[in-house]
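**Q** I need the structure of the sequence given here:
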Amino acid sequence: MSDEHIERETLTWDGFGRATRDLAREIVAAGFEPEVVVAIARGGLLPAGAIAYGLGAKNCGAINMEFYTGIGTVLDAPEVLPPELDMNYLDGRRVLLVDDVADSGRTLKMAVEMLSEKGADVRSVTIYTKPSTIIQPDFAWKDTGLWIDFPWSAAGSVVEEDAGLAPSA
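**A** The predicted structure follows:
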């Protein structure tokens, strides 16, 4: 089956705004006040920024991880890529870990474990969760079993778009 025939969940920019505001309100209502917001890059970068603004949190960072290399194409295990986050800084701090989706959950689980092992008090949040995830985030906006088209990645890179190529991951 080609990629264009896969049923998809489409998140619009307006939907993204609603999702991140809803999640920020849910985090506030739960009483969690993060000292640091950490994105799982790349997919968690935009949600992390939006949620940090919603929470009034200014201290942000990112863990660069790769697992998905395309639609349904993954590495054997998630990999941490450079540049590295200053993990020693997180010791004893309340950290909100943000990603776009908990699909298999392997990346989220690995990141939660890494931060916890460094002494951080970690809560996780994703816009979406999938039924296949091995870890449920502490906060999530919506569950879906479909491939998700995010507004920041659905069109692929501008090089791919301008060349008329199908988007890669």
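**Q** Show the residue spans covered by the helices in this structure.
**A** In the chain, the segments counted as helices under DSSP state H are 13-29, 45-55, 106-117, 158-162.
**Q** Listing request: residues of the chain with sub-threshold pLDDT.
**A** Confidence mapping of the chain against pLDDT under 70 gives the ranges 1-4, 67-75, 169.
**Q** ok so, going back, redo the helices of the chain as CSV? Include distance to W152 and mean neighbour count.
**A** Placement of C-beta: from N, CA and C, glycine included. Shown next, in CSV, are those (distance: least, C-beta to C-beta, whole Å; neighbours: other C-beta atoms under 10 Å):
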stretch, distance to W152, mean neighbour count
helix 13-29, 8, 16
helix 45-55, 6, 20
helix 106-117, 17, 19
helix 158-162, 12, 10
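**Q** Out of these, the one nearest P131 is which?
**A** For these, proximity to P131 was assessed by C-beta to C-beta; helix 106-117 is nearest, at 14.6 Å.
**Q** pretty sure V101 is touching L146, no?
**A** No - V101 lies out of contact with L146 (C-beta atoms under 8 Å); the separation is 10.7 Å.
**Q** In terms of neighbours, single out the busier of these two.
**A** The neighbour count for V101 versus L146, taken as other C-beta atoms under 10 Å, is higher for V101 (27 against 12).
**Q** Correct me if wrong: R21 contacts L55.
**A** No - the pair R21 / L55 is not scored as a contact, 10.4 Å apart, by C-beta under 8 Å.
**Q** Can you lay out the helices of the chain as a markdown table showing distance to P82?
**A** Shown next, in a markdown table, are those (distance: least, C-beta to C-beta, whole Å):
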| stretch | distance to P82 |
| --- | --- |
| helix 13-29 | 27 |
| helix 45-55 | 16 |
| helix 106-117 | 15 |
| helix 158-162 | 23 |
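**Q** What are the boundaries of the strands in this structure?
**A** Taking DSSP state E, the strands of the chain run over residues 8-10, 36-41, 60-70, 73-81, 94-102, 121-129, 139-143, 147-149.
**Q** tell me the contacts of P82?
**A** Taking C-beta atoms under 8 Å, 6 or more residues apart in numbering, we find P82 in contact with N64.
**Q** what about it, distance to S153?
**A** With distances taken as C-beta to C-beta, to the nearest Å, P82 is found 21 Å from S153.
**Q** ok, now R8?
**A** 12 Å.
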